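Asker: please work out how this folds:
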Amino acid sequence: MKGSALRCTLIRGGRLYTPEDSGINDILVIGERIALIGKGLAPPRELESEVINASGKVITPGFIDLHVHLLGGGGENGPRSHVPEITLSTLTTAGITTVVGVIGTDSITRTPTALLTKVKALRAEGLSVYMYTGAYHFPSTAITGSVTRDIALIDEVIEVKIAISDHRSSQPIVSELARLASEARTGGMLGEKPGILHVHVGTGKRGLSPLIQVVEKTEIPISQFLPTHIARTPALLKEGGDRVHQEGRSDRHHCTISSGEIYFSDRKTR
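Answerer: I've put the predicted structure just below:
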């Protein structure tokens, strides 16, 4: 098959984490898939091959970062405070191979449409890239004019973002949060996606209570929410930990805290 489009790459002699420490190993990649992991591997003679010497280097699965301001953050102190757009090398040199783009306070000069363009550009360069529609504010700025349509119809859009308990948010009330979560949930069902409400939580005194009220007053399950930045204050971290402890002991949900985010999973769907 020499001269064909199918190629193989042999990564030789790196210390492999899977994520457990698996010691020194070779990795044989054929096409875009890992075909074999072991010691003393050799590339197939039938294929064009490249050998990469990874001696003294660490090899891990690519990292997933589900909250990155691909268009740049900042802007809250005027135009001069805008942070530049992220570059491909900034992500890849950090080992990130899958990333989800978000918009924060500034949804005026940074829009979901602009974010979608950036997502497509990074995808063209080989990364796995997705995004959340919306930003800090309600009603959400959507590419199609509808959160449900964005999630259901645009491949790159998997969830929607909103902010609560933060002076920079639009101070959404419980009924607005419930409506947005419902729109995201329906879009996710139609588009076979998570359809989760990605919730930026600020340092405000209300903490997680707006989300808890939605769960208590509506039929929307707690697994529909992904609160972030939980580790920003001791009080908020404690509230998140208490909630994980409470929900994690029930028969309905499994909960964990990781990197300042709370994950709620419905055990019936796992």
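Asker: how does the chain divide into domains?
Answerer: Structurally, the chain divides into domains by automatic domain parsing as follows: 7-59, 63-269.
Asker: okay, how far is it across the shortest one, tip to tip?
Answerer: Think domain 7-59. Across its full length, domain 7-59 reaches 21 Å between end residues, using CA to CA, to the nearest Å.
Asker: return the most buried member of the domains of the chain.
Answerer: domain 63-269 (a mean of 18; mean count of other CB atoms under 10 Å). Placement of C-beta: from N, CA and C, glycine included.
Asker: show me which helix or strand of this structure is least confident by mean pLDDT.
Answerer: strand 253-258 (a mean of 51; mean pLDDT, DSSP states H and E).
Asker: follow-up on the earlier one: least confident of the domains of the chain, on average?
Answerer: If you rank the domains of the chain by mean pLDDT, domain 63-269 sits at the bottom with a mean of 90.
Asker: what segments of the stretch 101-250 of the chain are strands?
Answerer: 128-134, 157-164, 197-201, 225-228 (DSSP state E, counting those that start in this stretch).
Asker: redo those strands as CSV? Include distance to Gln171.
Answerer: Below are the strands of the stretch 101-250 of the chain laid out as CSV (distance: least, CB to CB, whole Å):
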stretch, distance to Gln171
strand 128-134, 15
strand 157-164, 8
strand 197-201, 13
strand 225-228, 17
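Asker: out of those, flag the one nearest Leu10.
Answerer: When those are ranked by distance to Leu10, counting by CB to CB, first place goes to strand 128-134 at 23.3 Å.
Asker: the closest one - contacts with which helices or strands?
Answerer: Identification of packing neighbours for strand 128-134 by 3 or more CB pairs under 8 Å, 6 or more residues apart in numbering; DSSP states H and E yields strand 96-101, helix 112-124, helix 147-153, strand 157-164.
Asker: please tell me how far Leu211 sits from Ile173.
Answerer: Counting by CB to CB, to the nearest Å, the gap from Leu211 to Ile173 is 12 Å.
Asker: how about Ile64?
Answerer: Noted for Ile64: a distance of 33 Å to Ile173, by CB to CB.
Asker: contacts only, for the nearest residue to Arg15 once chain neighbours are set aside.
Answerer: Computed as CB to CB, 6 or more residues apart in numbering, the closest residue to Arg15 that is not its neighbour in sequence is Val58, at 5.3 Å. Contact partners of Val58, counting by CB atoms under 8 Å, 6 or more residues apart in numbering, are Gly14, Arg15, Tyr17.
Asker: many thanks, have a good one.
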